[in-house]
Each structure stands twice: as C-alpha cells, then as structure tokens.
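Participant: model this:
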Amino acid sequence: MKSCNCQFTLKLINKDDDERSLIELGDKRLTATYGLSCHEWNSVIEMDELSDTDNCFIDDEGNFIIQADLKISHIVLENESYSLFGADKP
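Facilitator: Alright, predicted model coming up:
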C-alpha cells in the first residue's frame, strides 16, 4: 500500500454515565512513510482526570475502554488506486 485515507472516531467510555464519555474525531492521510504513533489524548482529557477513579473512566486496576471506528478509503497501490465500499473513484 502506498497511501490511503482514514477517518476515525475514538470514544473514551465513561463506565458510570455514557453521556460523559469523550469522543474524538479524526481524518488522516496515511502514506507508506507515515510513522505509527499514539493518539494524543492529552488534547481530549488531562491525565489526572483520566486516572481519577471517581470520574469513572478508569477502574481500580487501571483498566479503561476505548471504542474505535475506522473507515479506510481511497487506497493507492503503487500506480493504481481504488476505493472501498463503493465510494467515488479518484
């Protein structure tokens, strides 16, 4: 794969109240030279707030849940390209 478009939704689950769950949306173009990295949650929630068990994002054992949805489209392979799920062709 040479490149593709990725749209994602990440949801940090609040175990006590789903309405307090945090959602982060993103849209990235990934290429063959794109380095893997961790998502920067500090732009969404402070570490102190995340690690406080009273906020219900993390349990006493340090476990938390992130729900992820990913849509990949416009995949380019060397000199050809195609889209998934019947999306528009380039």
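
Participant: Return the helix or strand in the protein with minimum mean pLDDT.
Facilitator: The weakest-scoring helix or strand in the chain, judged by mean pLDDT, DSSP states H and E, is strand 80-82 (a mean of 57).

Participant: Once you drop chain neighbours, what's closest to the spatially most central residue of the chain?
Facilitator: In the chain, the residue lying closest to the centroid (C-alpha atoms, centre = their mean) is Leu10, at 4.2 Å. Leaving aside its sequence neighbours, Leu10 sits nearest to Glu24 (C-beta to C-beta, 6 or more residues apart in numbering; 4.6 Å). Any C-beta I mention is one placed from the backbone N, CA and C, and that applies to glycine too.

Participant: And for Ala68?
Facilitator: Leu10 is the one closest to Ala68 (C-beta to C-beta, 6+ apart), at 5.5 Å.

Participant: secondary structure element for the one you found?
Facilitator: Using DSSP states H and E, Leu10 sits in strand 3-12.

Participant: what pairs with that strand, and is each one parallel or antiparallel?
Facilitator: strand 22-31 (antiparallel), strand 66-77 (antiparallel) (DSSP bridges).

Participant: The ones you listed: lowest mean pLDDT?
Facilitator: Note on the strands paired with strand 3-12: lowest mean pLDDT is at strand 22-31, with a mean of 84.

Participant: With just CA atoms, put whichever helix or strand comes after it into CSV.
Facilitator: Sequence order places helix 47-51 as the next helix or strand after strand 22-31, per DSSP H and E. Taking C-alpha atoms only, helix 47-51 is exported to CSV below (Å, rounded to 0.1, in the frame of the first residue of the first chain):
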residue,chain,number,x,y,z
MET,A,47,-4.1,12.5,32.7
ASP,A,48,-5.1,13.5,36.3
GLU,A,49,-8.8,13.5,35.2
LEU,A,50,-8.4,10.2,33.3
SER,A,51,-6.6,8.4,36.2
